[in-house]
Structure formats: C-alpha cells, structure tokens
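Student: any chance you could fold what I've pasted below:
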Amino acid sequence: MGKRRNSIRTPPHYSTAERIIYSCLGIFYISAFVYVLFFTQNRWRYFPKRNFNLILFRDKIQHWQTRALHTRPENVELYKDIIGNILLFIPFPLFLFFFFRIKNFSRLLVISIAASFLIESLQYLLNVGVADVDDLVLNTIGSLLGLLVLAAIRKLRRNNHQPADHWQVADEL
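Tutor: Predicted coordinates:
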C-alpha cells in the first residue's frame, strides 16, 4: 500500500526530448501571451476614461443584433474577440501543470480564473482596453477546455505506460 501511495505522489519523469518540447512550447506560449496582452496593435490607445463592462455579453449581443450582414469587417473583430479569448487560455492550465507542477485540476482552474481576473483588473487600472466580464467568462471557458486537453493527455500517457500484464499488477496490490 505504501508503495502505491508513493508512486501516485511522485512527479512524472519526462524524457529529455519531452522536456525540450515542453520548454519550447512554454516559452512560445508565454511570449505570445505577453504579446497579445501588451503589444498588439490597438492595445495602448488612449481612452478618455476607464472602461469596464459588468453586464454579461451585453456589447456582443447588441453588436450581433444591430448588424444585418454578419460578414462585415466589424463582425470579424467580434468573432476574433470571442474565439481569441477562448484560445488564449486553453494552454494556460497545461503551462501551469508542466512548468509549476500543479496537479490539482480545481487549483489549476482557480489559478486560471484568478489570472484572467488580474488581467482584466490591470486593464482597468492602467486604462488599457476595456475590463470586461465577457473576457473573464471566455477565458474561463478556454481554461476548462485546456483542462479537458490535459485530462486527455494524462489518460493517454497513463495508458501508454501501463504494464503489459494488467492482471499480475492487480494481484500484487
């Protein structure tokens, strides 16, 4: 029983190739994350006053209702905003898992939500963009999708590392 408890608690051992791949992906992700948050084209435009939206999807619904043709360039921005917020946070739980070895899914979700809240708060405090509750929800959806990807990766990894004779291992436990 003690042996099984220790094997559950020990971190997975990654090969050198896996470490290099995870490191490169992590550096690329954080670089893209920082770029999107701070250096994109309209990020630092001046707003006469601090902007925030606390009504869930208000602007997006109004935008959708007022546009008869949904192929206009303005609508592309709407879709980029929705999909971009989700896609930006899909890798976030994976990054926390692989680099900071946070294994608890609840903790990964809470940290992801807190990071999103911090970003929205900084946008408000620094008067950069609009602090939007929609972004918080969309980022959380992205984090949840990232957790699903992480669960699938862990399941595949576990299945690939199981011993050939499952019955023998069960008898030993």
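
Student: which secondary structure element is home to residue 95?
Tutor: helix 91-100 (DSSP states H and E).

Student: the following helix or strand past that helix vs helix 91-100, what angle?
Tutor: Remark: after helix 91-100, the chain's next helix or strand is helix 105-125, criterion DSSP H and E. Helix 105-125 and helix 91-100 are oriented at 110 degrees to each other (axes from the mean of the first three to the mean of the last three C-alpha atoms, to 10 degrees).

Student: buried ones in helix 105-125?
Tutor: Neighbour-count burial for helix 105-125, counted by 16 or more other C-beta atoms under 10 Å, picks out 105, 108, 109, 111, 112, 113, 115, 116, 117, 119, 120, 123. Bear in mind the C-beta positions are built from the backbone N, C-alpha and C, glycine included.

Student: closest one of those to residue 14?
Tutor: residue 108 (18.3 Å; C-beta to C-beta).

Student: look up how far residue 93 lies from that closest one.
Tutor: 4 Å (C-beta to C-beta, to the nearest Å).

Student: wait, isn't residue 29 in contact with residue 91?
Tutor: Yes: under the criterion of C-beta atoms under 8 Å, residue 29 makes contact with residue 91 at 5.0 Å.

Student: between these two, who's got more neighbours?
Tutor: Neighbours were tallied for residue 29 and for residue 91 using other C-beta atoms under 10 Å; the higher tally belongs to residue 91 (23 against 17).

Student: hmm, residue 28 and that one touching each other?
Tutor: No: contact criterion C-beta under 8 Å: residue 91 and residue 28 do not qualify, at 9.4 Å.

Student: what is the rounded mean pLDDT of the longest helix anywhere in the chain?
Tutor: Ranked by residue count, the top helix of the chain under DSSP state H comes out as helix 133-160. Helix 133-160 shows a mean pLDDT of 92.
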